[in-house]
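Novice: below is the sequence, then the predicted model.
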Amino acid sequence: MKIKLFVALPSEFPKEICPPDIDIIYTGIGKVNAAIAATRELYGLDPQTTLVLNYGSAGSADLPLHSLWHCRRFRQADIDVRPLVPKKGCTPLDEVFYPQIGGDIIVFSDEGQICTTQDTFQQQPVYEVNDMEAYSLAKVCRIFGFDFHAYKFISDSGDAHDWKDNHHLGIEGFREILIAIRG
């Protein structure tokens, strides 16, 4: 099984500590950059022989600081095109263009946390796990037929200064998870 690991920044998970048989792809920050990187990297690969992972920092007002969470459900929070859709976070016509998405939350499994993606720091996060890339990676994976797992390290409670100080502190914990996944 080939493993593709998507990470926003090298400071979140440096290439030199990544096991050599895992392809690490740096996306840059945000939903658009993550979608571009995932599409470019996954297009044409076989979903049956490729496991797609995401690791990165996240904010939370509810979960313990410096904890690591496995996420298998994903939603976006900052698209707001009401009254074309009933609520914030829904993309109009997704059911027409991407029927495999199946609603405003992309679900790979009911286990684990829901990760909510938005392209802003929230001083008081509304959701338990808040990041800037996972939803778009999940959407590309769902469209192309890949399974997807995200692991999010709670680096802050929405404060960009705390993120700068803490975002790299989950590296060893995630590295242990990677080694276990490889078997």
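Specialist: Thanks, I have the structure now. Residues are numbered from 1 along each chain as shown.

Novice: chain center to stretch 5-24, what's the gap?
Specialist: 14 Å (Cα atoms, centre = their mean, to the nearest Å).

Novice: what of stretch 139-159?
Specialist: 2 Å.

Novice: what do you get for stretch 157-174?
Specialist: For stretch 157-174 - counting by Cα atoms, centre = their mean - the centre lies 15 Å from the chain centre.

Novice: model confidence over it, on average?
Specialist: Here stretch 157-174 scores 91 as its mean pLDDT.

Novice: buried set for it?
Specialist: Ser157, Gly158, Asp159, Trp163, Asn166, His167, His168, Gly170, Ile171, Phe174 (16 or more other Cβ atoms under 10 Å). No exception for glycine: its C-beta is placed from N, CA and C like everyone else's.

Novice: of those residues, which is the nearest to Asp104?
Specialist: Gly158 (22.3 Å; Cβ to Cβ).

Novice: after the helix or strand bottoming out on mean pLDDT in the chain comes which helix or strand?
Specialist: When the helices and strands of the chain are scored by mean pLDDT, DSSP states H and E, helix 94-97 comes last with a mean of 82. The helix or strand immediately downstream of helix 94-97 is strand 105-107, counting by DSSP states H and E.

Novice: what lines up beside that next one in the sheet?
Specialist: Sheet partners assigned to strand 105-107 using DSSP bridges are listed as strand 68-76 (antiparallel).

Novice: could you give the mean pLDDT of the strand it pairs with?
Specialist: Per-residue scores along strand 68-76 average to 96.

Novice: who touches it?
Specialist: Under the contact criterion Cβ atoms under 8 Å, 6 or more residues apart in numbering, strand 68-76 has outside partners 31, 58, 63, 89, 91, 104-118, 127, 129, 134-136, 138-139, 148-154, 170, 173-174, 177.

Novice: what number of residues lie near Ala180?
Specialist: Neighbour count for Ala180, taken as other Cβ atoms under 10 Å: 8.

Novice: in three-state terms, label it for me.
Specialist: Each residue gets one of three states, and Ala180 gets helix by DSSP: H, G, I helix; E, B strand; the rest coil.

Novice: ok so, going back, buried residues in the least confident helix or strand of the chain?
Specialist: Per 16+ other Cβ under 10 Å, helix 94-97 contains these buried residues: Asp94.

Novice: kindly report the same for stretch 104-113.
Specialist: Asp104, Ile106, Phe108, Gly112, Gln113.

Novice: what stretches of the protein score poorly on pLDDT?
Specialist: Applying pLDDT under 70 to the chain flags residues 122-127.

Novice: helices of that one, start to end?
Specialist: Along the chain, the stretches classed as helices by DSSP state H are 31-42, 94-97, 134-144, 160-166, 171-182.

Novice: verify the contact between Tyr135 and Ile105 for me.
Specialist: No. Counting by Cβ atoms under 8 Å, Tyr135 does not reach Ile105; the two are 9.4 Å apart.
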